[in-house]
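>>> got a sequence here, can you model it:
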Amino acid sequence: MPWNDEYWEKEEVLPKKELEELQFKRLKNALTRAYDHVEFYRRRLKEVNLTPEDIKRPEDIVKIPFTTREHFAQNYPFGLFAVPKDKIVRIHTSSGTSGKPKVVGYTAKDIETWANIVARCLYMVGVRKGDVFQNISNYAFFTGGLGFHFAGERIGAITIPAGVGNTERQIQCMIDFGTTVVHATPSYALHIKEVVEEMGVADKLKLRIGCFGAEPWSENTRKRLEDAFNIKAYDSYGLSEMNGPGVAFECKEQQGLHIWADHYFIEVVDPKTGEPVGEGEKGELVLTALTKEAMPILRYRTGDITILENEKCACGRTHPRLLRILGRSDDMLIIRGINVFPSQIEHVLMQIPEVGDNFQIMLTRQNGLDEITVRVEVRDEIFTGEIWDLKELQQRIQERSTGKAKRVIDLRSV
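Predicted structure coming up:
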């Protein structure tokens, strides 16, 4: 049951001092569980002559070594579990596209905690009992499907396990069932938008809330989705290693994603040195899971680049906010000495009305210098038969594009 009409739980508005005390208490508990029950962590901490008792204040967390994706591979499949297998009730994994997948396990209490965190997120953006929630997400090993599904049901929304694909059927379900809330990746939502326009059924939709995540997207993509579906579009952030979705989520202010400090210890570090960056500076997000029984992961380097904002939000929640994920530290390319992230070109292109929703970046090298070619989809109405119209559009794109998109083909080593 919700705490009140505005907040799912009272922890969302804890005074900052109380929130910090709760966070540190849970940090100590998580560190002790990891040290006592995970051989990998006990060994790692002993290597640096550290015990849980040595962490006496929040700042001491920097003494703990980082956990990385390589450590998941080294401990595949169950080496990071802090409980015996008979306590595990569910397993999810990452995609495993570049080797062994990252395996994450959940106790019954973990499932309960996770569902509550995501319910907190959905309730924050206005999802209520009686809403029709169409979860357009993979229900297999990917955490996005079940993570949102259980949360929708917990709130009392009519929850549709729509899965992914079969776009025309998805749209027909929206019409027939009166869907009011959707969850999807922003790129698939853009595809749904195109099919809705082709079918000419936009006026039959009853959508009011869209939750989008699992990949970087820009403010201009948000505007396109909001205008197309007449909704409020909210950014979602999560990762399997920290449960899945629900780690951070936008509120109705849409001024950054509240990251739940009662469940995660949050750091932002320099991607190269691992040293903490100053407040308001860009860096790599590092997270420690505070309330996970099965896997109390310590100082995990997410690879996601963001900025942390600690100023209290107008919505009244006291938890810090992440500014929009800029990209991944391992996606970042250095082009002629300039750092370029996937979302930068998307942000520019989505401001140009004549440009469609799809684009591609080609990276090549000529005479020892890196070259970027941007291929864009152009809307049908632009083809007037006049080559000068296309030349003029090309000129405007060239003037405004200074980054790299998320759809990248790197041919520089070919």
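>>> please make it C-alpha for all contacts and neighbour counts, starting now.
OK.
>>> low-confidence ranges in the stretch 251-400 of the chain?
331-344, 365-370, 380-391, 393-394, 396-400 (pLDDT under 70).
>>> what ranges do the helices span in it?
Using DSSP state H, counting those that start in this stretch, the helices found in the stretch 251-400 of the chain span residues 342-349, 387-400.
>>> also the stretch 51-200 of the chain?
Using DSSP H, counting those that start in this stretch, helices in the stretch 51-200 of the chain cover 69-74, 108-124, 143-155, 167-177, 186-199.
>>> ok, which of those helices comes nearest L287?
Taking C-alpha to C-alpha, helix 69-74 is the member of the helices of the stretch 51-200 of the chain nearest to L287, at 12.7 Å.
>>> rewinding a little: for the helices of the stretch 51-200 of the chain, which one sits closest to N310?
Closest among those, once you apply C-alpha to C-alpha, is helix 108-124, at 18.4 Å.
>>> just want the angle from that closest one to helix 143-155.
70 degrees (axes from the mean of the first three to the mean of the last three C-alpha atoms, to 10 degrees).
>>> rounded mean pLDDT for helix 108-124, please.
Helix 108-124 shows a mean pLDDT of 98.
>>> list the contacts of it.
6-9, 87-89, 147-148, 150-152, 154-155, 243, 245-252, 291-294 (C-alpha atoms under 8 Å, 6 or more residues apart in numbering).
>>> repeat that for 7 Å
When contacts are defined by C-alpha atoms under 7 Å, 6 or more residues apart in numbering, helix 108-124 is touched by residues 7-8, 89, 147-148, 150-152, 154-155, 243, 245-246, 249, 251, 292-293.
>>> and it, C-alpha only, in CSV?
Only the C-alpha atoms of helix 108-124 are listed here, as CSV (Å, rounded to 0.1, in the frame of the first residue of the first chain):
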residue,chain,number,x,y,z
ALA,A,108,12.6,-14.2,-2.0
LYS,A,109,13.3,-11.1,0.0
ASP,A,110,15.4,-9.6,-2.9
ILE,A,111,12.4,-10.1,-5.2
GLU,A,112,10.2,-8.4,-2.7
THR,A,113,12.6,-5.5,-2.2
TRP,A,114,13.1,-5.1,-6.0
ALA,A,115,9.4,-5.0,-6.8
ASN,A,116,8.9,-2.4,-4.1
ILE,A,117,11.8,-0.2,-5.5
VAL,A,118,10.3,-0.2,-9.1
ALA,A,119,6.8,0.4,-7.7
ARG,A,120,8.3,3.4,-6.0
CYS,A,121,9.5,4.6,-9.4
LEU,A,122,6.2,4.0,-11.2
TYR,A,123,4.1,5.6,-8.5
MET,A,124,6.4,8.6,-8.5
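>>> neighbours around A314, how many?
11 (other C-alpha atoms under 10 Å).
>>> sorry, that was for I91
Neighbours of I91 using other C-alpha under 10 Å come to 12.
>>> contact partners for the residue lying closest to it once chain neighbours are set aside?
Nearest-residue entry for I91: G105, 4.6 Å, with adjacent residues in sequence omitted and distances by C-alpha to C-alpha, 6 or more residues apart in numbering. Going by C-alpha under 7 Å, 6+ apart, G105 touches I88, R90, I91, H92, A294, M295.
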